[in-house]
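Colleague: using only what follows, build the 3D model:
(one chain, ligands or ions: 1)
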Amino acid sequence: MSSYRQSLGAHAERLESTHLRQLIGDSDRAGRLRHRVGPLLLDLTRQKLDVQALDALGSLIESSDWQKARDAMFGGEPINTSEDRAVLHTALRASGSRLSPVAPSDVRKEIDQTLERIAHLVEAVEKGTTEDIGLPSTVTDIVNVGIGGSDLGPRLAVEALDQFHTGRVRCHFLPNVDGHAANKLMRELDPRRTLVLLVSKSFSTQETLLNGHVLRDWIRHAYDGDDRAAARHFVAVSANVEAAEKFGIPAAHVLPMWDFVGGRYSVWSAVGLSLALTIGMDNFRAFLAGAAHMDDHFRSEPWQANAPVLLALTELWNRNVLGYSSRAVVPYLDPMANLPSYLQQLEMESLGKRVTPDGKPLDNETVPVVWGSVGTNAQHAYFQALHQGTSVVPVEFIGVVRPAHPLRANHDALLANLLAQAAALALGKTTEEALEESDGDAVLAAQRTFPGDRSSTVIMLDALTPESLGALIALQEHKVFLLGHLWGINAFDQWGVELGKVIAKRILPALDEESEKLGDFDDSTKALIEAIQARREG
Ligand code: F6P
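Modeller: So this is what the prediction gives:
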């Protein structure tokens, strides 16, 4: 049994006989579980917690020295121990903080200089003076080539902040090595007016480099094989300047990344260049400021009023005490369709670990599976299972009060659905109610009964703006940090992605090998390689 189940299980047992229908009516409890942070309202009142259970969770976090751990992160201590690195994504947005800076001054200086370089580039694109800085004279389209953290954050923000696009450039994303995507882009875009942002912290990611080469060949071809002309179409963002230069991008066109920023925490850095180019520098700074305000909140509020702490404690409760193994993220907002994928990487790459930093097995389950998609579409796909299936899946609903369009009736319908789903999951429909509407037919009533008592969280933004999106992402980042702290794991490395990369490197040349030379591979892999080879020329 997990150690948290052992220490908190009595609360869960006590609550077993108390339906959410009853809990929701307790106004003291509601006051403890509903909090506003600037443009963001966090409503945890539909979580299966009462005040006593919440206080028990509070004691747990208080005894964990969480403030010390938090301050160590903000202060730049090397808390990513397996790589001996600091974790300073919060320093990237500290310019928007109202508290005194705590990150090392040399780090802050480099960050400021990089922000200036980003601003310079954005200005050149906006004013049409790109040629003066060694880029093509006309830029109508930018392509962000990068994957994982070098794609998901900027893509989420660029799409979510659609209404803030300046219209100066169109922004495209090319993460996957699947040639369909690159091919499509090359069919649609004008190579002479395209600026490629090659974004890779390591500058060794197979997908990114391969797509980079494909786009470079395409651009070079448009200039009759002129390498120098093609090189003007590339800007890199990387911690590995040398490798970027080797690729053919001059150092002046390489914006830095640092080892103290993990890929999945990097949208605030030059990795967000595509975002800055698309929404303009003022909006990009507002995005940083929104996150910084959440940082300030996290750094200054006691656990009882601290949104990231409450969100983390709720997740721990659901995962370790109630034993739920997944969480659905359902944004009721088409522009936020990428939020589930973004959170998948943030949470599952950070917290998908099974040993402590000392290599000892953990005594609690870690990250649940994070999945989801936009509402209301999701209601017509998998909500049946969420309401009446045998497994309970807590849901995180995300909505906005004021949409970025004038279609009030649409938005009201959207909001009504969000609220209705959260209510239906919590309240359910009793057998008596089902019997009544089934004219006493017990068999039908059994099928029309909803158990309810199913947990959900609602996060409501006043509007989808750079500030509120920044705050929402920072909230989730700090939740992840706290869960890493409470579970005793390093949330900032990702060794689990390495093995597959190494095997893929070995398989790649073997796809063209003769059968007898495939001896090294396991039988299943070998058989599949042979099956692919046999059908290749079809
Ligand atoms: O494969 C996982 C990963 O290392 C992520 O952590 C990272 O965000 C992504 O690959 C891309 O890495 P890079 O920015 O170095 O190309």
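Colleague: and Ser455, how many residues sit next to it?
Modeller: By other C-beta atoms under 10 Å, 24 other residues sit near Ser455. (Glycine included, C-beta is placed from N, CA and C.)
Colleague: let me see the contact set for the residue lying closest to it once chain neighbours are set aside.
Modeller: Leaving out its chain neighbours, the residue that sits closest to Ser455 by C-beta to C-beta, 6 or more residues apart in numbering is Pro394, at 4.3 Å. Residues near Pro394 by C-beta atoms under 8 Å, 6 or more residues apart in numbering: 47, 318, 324, 327-328, 454-457.
Colleague: report the rounded mean pLDDT for stretch 30-38.
Modeller: Per-region confidence: stretch 30-38 scores 97 on mean pLDDT.
Colleague: what residues are up against whichever residue of the stretch 301-450 of the chain sits closest to the ligand?
Modeller: Proximity of the stretch 301-450 of the chain to the ligand (C-beta to the nearest ligand atom) peaks at Glu349, 5.8 Å away. Residues in contact with Glu349 (C-beta under 8 Å, 6+ apart) are 148, 264, 494, 496-497.
Colleague: generate a PyMOL selection restricted to the buried entries among those.
Modeller: Typed into PyMOL, the line below selects the buried ones among these, using 16 or more other C-beta atoms under 10 Å:
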select buried, resi 148+264+494
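Colleague: keep only those of the contacts of Glu349 that are also close to the ligand.
Modeller: Applying C-beta under 6 Å from any ligand atom to the contacts of Glu349, one finds that 148, 264, 494, 497 fall near the ligand.
Colleague: spatially, which two of the residues you listed are the most separated?
Modeller: Farthest-apart pair in those is Arg264 and Val497; separation 11.1 Å (C-beta to C-beta).
Colleague: can you tell me how far Leu198 is from Val143?
Modeller: 9 Å (C-beta to C-beta, to the nearest Å).
Colleague: out of these two, which sits in the more crowded spot?
Modeller: Higher neighbour count among Leu198 and Val143: Leu198, with 27 against 24, using other C-beta under 10 Å.
Colleague: for the stretch 51-200 of the chain, what lies in contact range of the ligand?
Modeller: 146-150, 200.
Colleague: look up how far Glu349 lies from the residue in the stretch 201-350 of the chain positioned nearest to the ligand.
Modeller: Closest approach between the stretch 201-350 of the chain and the ligand, counting by C-beta to the nearest ligand atom: Gly263, at 2.5 Å. Distance, Gly263 to Glu349, using C-beta to C-beta: 8 Å.
Colleague: overlap of the contact sets of the two?
Modeller: Gly148.
Colleague: which of the contacts of Pro394 fall in helices?
Modeller: The helices, defined by DSSP state H, take in nothing from those.
Colleague: may I see those residues organised as a markdown table, with distance to the ligand and pLDDT added?
Modeller: A markdown table is the format used below for these (distance: C-beta to the nearest ligand atom, whole Å; pLDDT from 0 to 100):
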| residue | distance to the ligand | pLDDT |
| --- | --- | --- |
| Gln47 | 30 | 98 |
| Asn318 | 26 | 98 |
| Tyr324 | 26 | 98 |
| Arg327 | 21 | 98 |
| Ala328 | 23 | 98 |
| Arg454 | 33 | 98 |
| Ser455 | 30 | 98 |
| Ser456 | 29 | 98 |
| Thr457 | 26 | 98 |
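Colleague: Ala236: which of the contacts of Glu349 is nearest?
Modeller: Gly148 (16.3 Å).
Colleague: next one: that closest one from Ser204, what distance?
Modeller: Counting by C-beta to C-beta, the gap from Gly148 to Ser204 is 13 Å.
Colleague: likewise Leu156?
Modeller: Counting by C-beta to C-beta - Leu156 and Ser204 are separated by 24 Å.
Colleague: more neighbours: the two, which one.
Modeller: Per other C-beta under 10 Å, whichever of Leu156 and Ser204 has more neighbours is Leu156, with 24 against 12.
Colleague: show me which residues of the helix or strand hosting Gln67 are buried.
Modeller: Assigned by DSSP states H and E, Gln67 belongs to helix 66-75. Using 16+ other C-beta under 10 Å as the test for burial, helix 66-75 gives 66, 69-70, 72-74.
Colleague: mind giving me the domain split of this structure?
Modeller: Domain assignment for the chain, taken from automatic domain parsing, gives 3-24+47-63+301-485, 89-284, 496-535.
Colleague: do me a favour and get the end-to-end distance for the shortest one?
Modeller: With C-alpha to C-alpha, to the nearest Å as the measure, the first residue of domain 496-535 is 32 Å from its last.
Colleague: now it, how far from the centre of its chain.
Modeller: In terms of C-alpha atoms, centre = their mean, to the nearest Å, the centre of domain 496-535 is set 32 Å apart from its chain centre.
Colleague: and that domain, what's buried?
Modeller: In domain 496-535, counting by 16+ other C-beta under 10 Å, buried: 510, 518, 521, 529, 533.
Colleague: is the helix or strand harbouring Leu210 positioned near the ligand?
Modeller: Element membership for Leu210 (DSSP H and E) is helix 206-222. Yes. Residues of helix 206-222 contacting the ligand under C-beta under 6 Å from any ligand atom: Thr208.
Colleague: tell me the mean pLDDT for the helix or strand following that helix?
Modeller: Downstream of helix 206-222, the first helix or strand assigned by DSSP H and E is helix 227-231. When pLDDT is averaged along helix 227-231, the result is 95.
Colleague: hmm, who's touching helix 227-231?
Modeller: In contact with helix 227-231 (C-beta under 8 Å, 6+ apart) are residues 216, 219-220, 223, 248-250.
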